[in-house]
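**Q** Sequence and predicted model, in that order:
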Amino acid sequence: MKQTLRLGRVAGFAVGVHWSVLVIMVLLAQSLATGVLPARAPGTAAPVAWPLGAAGAVLFLVSLLAHELAHALVARHFGVRVQQVTLWLLGGMAEFRDEPPSARADLLMAGAGPLTSVAAGVGFGSAAVLLSAVRGPVAVVVVLLWLAMINLILAGFNLLPGAPLDGGRILRAALWWRHGDRARAALTAARAGHVLGLTLVLAGLAELMVFGMLDGVWTTLVGWFLVVAAAAEGTAARSAGGAQRRQPRTGVGR
């Protein structure tokens, strides 16, 4: 994905953002300032709610960046070259120049992101509990609890078993380890991602048309992205499998 703004290098990786990340920042800040804080910290004035909402949105993006950097750091450990890390509308993306060298590397690379999100969720939750115990500002506690919840939700969603989600990568690694065929494992994970994406699209449309919930737009958008990305991964897996089969076999005993 092309970066609109390059932020520099973090841990040696080129980090940047796509312009669409501004959309999610505004939506998150607005949700906190006009929805979450008024409901859970009544009496929070707008001049306080909006800066807190903006801070919450920025901290979420920082935790999202940490999620992607975890993938990149583990990849580098296994000799996989990292092209760049980009934040965009639907989250983050660590782009690699190479494929994982083994099923174990694939598993650890995939699991590093959700594990980091869980750690962030626990960290924000612990900070909220400690601040509440010393009678800190209720509005700040609410934002910290929101950050804990959204990071745990992010980890859970990413563990769904379908490519290109981390859960799909974990499924691919498990099948690769079991059958010894990376292309076959990748194709199965892509098919699972296609089914998952279609399910989310249908769920989002149901939210919109049956229940009149605007959240359905977001669910449909995420589902459609998964469908398109899974289709691309499936095509790449079939190409890799075909190339593998076309390679001449050599060795003793032919």
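**A** Here it is on my side, so go on.
**Q** Could you list which residues are in contact with the nearest residue in space to residue 159 that is not next to it in sequence?
**A** Take residue 159 and drop its neighbours on the chain: the residue closest to it by Cβ to Cβ, 6 or more residues apart in numbering is residue 167, 4.2 Å away. Using the backbone N, CA and C atoms, a C-beta is placed for each residue, glycine as well. Listed by Cβ atoms under 8 Å, 6 or more residues apart in numbering, the contact set of residue 167 reads 110, 114, 158, 159, 160, 161.
**Q** Please tabulate those in CSV and include pLDDT as additional columns.
**A** Putting the contacts of residue 167 into CSV (pLDDT from 0 to 100) gives the following:
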residue, pLDDT
110, 97
114, 97
158, 96
159, 97
160, 96
161, 95
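**Q** Let's see which of those end up in helices.
**A** Using DSSP state H to define helices, the subset of the contacts of residue 167 located there is 110, 114, 158.
**Q** Got a quick PyMOL command for the buried subset of these?
**A** Of these, the buried ones go into a single PyMOL selection, burial set by 16 or more other Cβ atoms under 10 Å:
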select buried, resi 110+114+158
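**Q** Put together CSV for the ones in helices among the contacts of residue 167, with distance to residue 83 on each row.
**A** Formatted as CSV, those follow (distance: Cβ to Cβ, whole Å):
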residue, distance to residue 83
110, 17
114, 22
158, 20
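**Q** nearest to residue 90, of the ones in helices among the contacts of residue 167?
**A** Nearest to residue 90 among the ones in helices among the contacts of residue 167: residue 158, at 11.6 Å, using Cβ to Cβ.
**Q** Just list the residues touching the nearest residue to the closest one once chain neighbours are set aside, thanks.
**A** Excluding the flanking residues, the one nearest residue 158 by Cβ to Cβ, 6+ apart is residue 166, at 4.3 Å. Counting by Cβ under 8 Å, 6+ apart, residue 166 touches 110, 111, 113, 114, 158, 159.
**Q** quick one: the strands in the stretch 51-200 of the chain?
**A** Counting by DSSP state E, counting those that start in this stretch, residue ranges of the strands within the stretch 51-200 of the chain are 82-88, 91-96.
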